[in-house]
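**Q** sequence and predicted structure below; questions after.
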Amino acid sequence: MRAFVRSPFVSALAGGAVVAVVLLVVGRGGGGSTTTTVLQTAPAGAASSASAQREAPTPREIYDRDAPGVVYVRAATGARASASASNSSLSEGGQSSGTGFVIDADGHILTSHHVVADARSVRVELNDHESAMARVVGEDAANDLALLQIDPAGVSLHPLTLGDSATAHVGDSVLAIGNPFGLEHTLTTGVVSALDRELTAPNGFTIQSVIQTDAPINPGNSGGPLIDASGRVIGITTQVAGGSGIAFAVPIDTAKRTLSELKRTGHVTHSYLGIRGMTIDARLAGMEPRTRHGVLVQTVYPGSPAANAGVRGGDVQSQVDGVSLQLGGDVITSVGGRTLDSMDQLSSLIARCDPGDKLKLGVLRNDMAMQLTVTVGKAPKQLPADTAAASPGP
């Protein structure tokens, strides 16, 4: 597996190495809620309601409740690969292993795509060492997600409650349950360290809105649940920054948006523009292009919707703060008449589109403003080769 965050030192949980890019490909497709109990001093004369307040469960209580729903995933890959300290799924002797968790009484299990990618067979070990063969129901490589299913007859299933990752805040307590280095049902704790990170998925595309945590994640944890203080799943652990104590999880809201499509069709359709770009910010001050906002197009992938619309990438290699970039390309300044401030915003706008939708792009080319019409496309299974890319954009 080849997946990295923007920093080149971050390695994917399943090994390999590719350059991360800021790529415009987004999923189509959930909800949930959490309740926070706030204890306040009652006004003078008011009856105390402390007995009505529900205390948050302890990590031990969450573990006792949720651990039975966490499974050990073993995939026969037919290829030999050595395990690495930066891998989230252990790969050795033709077998990849990781973690997953039960989400319903029908035997559906969520895990990371790179744990079961190209697997010839998959077996999961449930609570009390019950074992069952699993089939891969659906795959979403662009978000590093996979949906498995086992026959629910004759096994004890303990579905976990799916929460709402949109309610997560930096500093919130979180727990991870998984099988690091094959040590089954290991609990680690930490906090939400940051939100809205971006990662590069196994197929080279960008995963949006990723949760960063300092909860220790190690090889074998990949695909396991990241759980909030109320005991609800808010993410699926997917990558680590090797040896740094930094880990990442795909938000559960992303999985919830795609579950019905995965069950129905076995895959997820992603909207696609086909550029690699970077947000114009203070780092480009005094350099071309002479504009204060927008997205500087680095690369336009051949045959992509952007290429067909006439969008141009950069052709002048440069270095800014140690990051390689291409100058001289178009600057996308607006989408559908809406001023564009960042690559993240561009991703969000495309996310609201369906393949086939037409959009007007405001473009600045050599200080000349123009309008280009692009027809949003369907993302390919694999990111096209980008010979111009050397380092990730912001």
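**A** Nice, thanks for sending it over. Just so it is clear, the structure is predicted and the values come from calculations on it, not from any experiment.

**Q** which helix or strand contains residue 209?
**A** strand 206-213 (DSSP states H and E).

**Q** that strand: partners in the sheet, and parallel or antiparallel?
**A** strand 186-200 (antiparallel), strand 246-251 (antiparallel) (DSSP bridges).

**Q** render the CA-only coordinates of the longest one in PDB, please.
**A** Looking back up the chat, that one is strand 186-200. Extracted C-alpha coordinates of strand 186-200, given in PDB (Å, rounded to 0.1, in the frame of the first residue of the first chain):
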ATOM      1  CA  THR A 186      -5.100  -4.000  22.500                       C
ATOM      2  CA  LEU A 187      -6.500  -0.700  23.800                       C
ATOM      3  CA  THR A 188      -4.600   2.600  23.400                       C
ATOM      4  CA  THR A 189      -5.800   6.000  24.400                       C
ATOM      5  CA  GLY A 190      -5.100   9.600  23.400                       C
ATOM      6  CA  VAL A 191      -6.800  12.800  22.100                       C
ATOM      7  CA  VAL A 192      -7.900  14.200  18.800                       C
ATOM      8  CA  SER A 193      -4.700  16.100  17.800                       C
ATOM      9  CA  ALA A 194      -6.000  17.800  14.700                       C
ATOM     10  CA  LEU A 195      -8.800  17.700  12.200                       C
ATOM     11  CA  ASP A 196      -9.200  18.100   8.400                       C
ATOM     12  CA  ARG A 197      -5.900  16.500   7.500                       C
ATOM     13  CA  GLU A 198      -5.400  15.100   4.000                       C
ATOM     14  CA  LEU A 199      -3.900  11.700   3.200                       C
ATOM     15  CA  THR A 200      -3.000   9.900   0.000                       C
END
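
**Q** give me the buried positions along that strand.
**A** 186-190, 192-193, 195, 197-200 (16 or more other CB atoms under 10 Å). Backbone N, C-alpha and C define where each C-beta goes, glycine included.

**Q** which other helices and strands contact the longest helix along the chain?
**A** The helix spanning the most residues in the chain, taking DSSP state H as the definition, is helix 252-265. The elements that helix 252-265 packs onto, with contact taken as 3 or more CB pairs under 8 Å, 6 or more residues apart in numbering; DSSP states H and E, are strand 23-27, strand 131-140, strand 145-149, strand 206-213, strand 233-241.

**Q** run the chain-centre distance for the longest one.
**A** Taking CA atoms, centre = their mean, to the nearest Å, one finds strand 131-140 lying 20 Å from the centre of the chain it belongs to.

**Q** just the buried residues of strand 186-200 now: which is nearest residue 302?
**A** Top of the list for closeness to residue 302, among these and by CB to CB, is residue 200 at 19.9 Å.

**Q** which stretches of the chain form helices?
**A** 59-66, 113-116, 252-265, 305-309, 343-351.

**Q** which one, of the strands paired with strand 206-213, ends up nearest to residue 361?
**A** Once the strands paired with strand 206-213 are compared by CB to CB, strand 186-200 is nearest, at 21.5 Å.

**Q** just checking, residue 228 touches residue 171?
**A** No: taking contacts as CB atoms under 8 Å, residue 228 lies outside contact range of residue 171: 12.0 Å.

**Q** ok, those two, which is more surrounded?
**A** Each of residue 228 and residue 171 has its neighbours counted (other CB atoms under 10 Å); residue 228 has more, 23 against 8.

**Q** buried sites along stretch 124-137?
**A** 124-127, 132, 134, 136-137.

**Q** in JSON lines: those, plus pLDDT and distance to residue 340.
**A** JSON lines is the format used below for these (pLDDT from 0 to 100; distance: CB to CB, whole Å):
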{"residue": "124", "pLDDT": "92", "distance to residue 340": "44"}
{"residue": "125", "pLDDT": "92", "distance to residue 340": "48"}
{"residue": "126", "pLDDT": "91", "distance to residue 340": "48"}
{"residue": "127", "pLDDT": "83", "distance to residue 340": "49"}
{"residue": "132", "pLDDT": "91", "distance to residue 340": "49"}
{"residue": "134", "pLDDT": "93", "distance to residue 340": "43"}
{"residue": "136", "pLDDT": "94", "distance to residue 340": "38"}
{"residue": "137", "pLDDT": "93", "distance to residue 340": "37"}
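
**Q** out of those, flag the one nearest to residue 146.
**A** The closest of the buried residues of stretch 124-137, once distances to residue 146 are taken by CB to CB, is residue 136, at 6.1 Å.

**Q** specify the beta-bridge partners of the closest one.
**A** residue 148.

**Q** equivalent analysis for residue 108, please.
**A** residue 149.

**Q** residues touching it, list them.
**A** 102, 137, 147-149, 263 (CB atoms under 8 Å, 6 or more residues apart in numbering).
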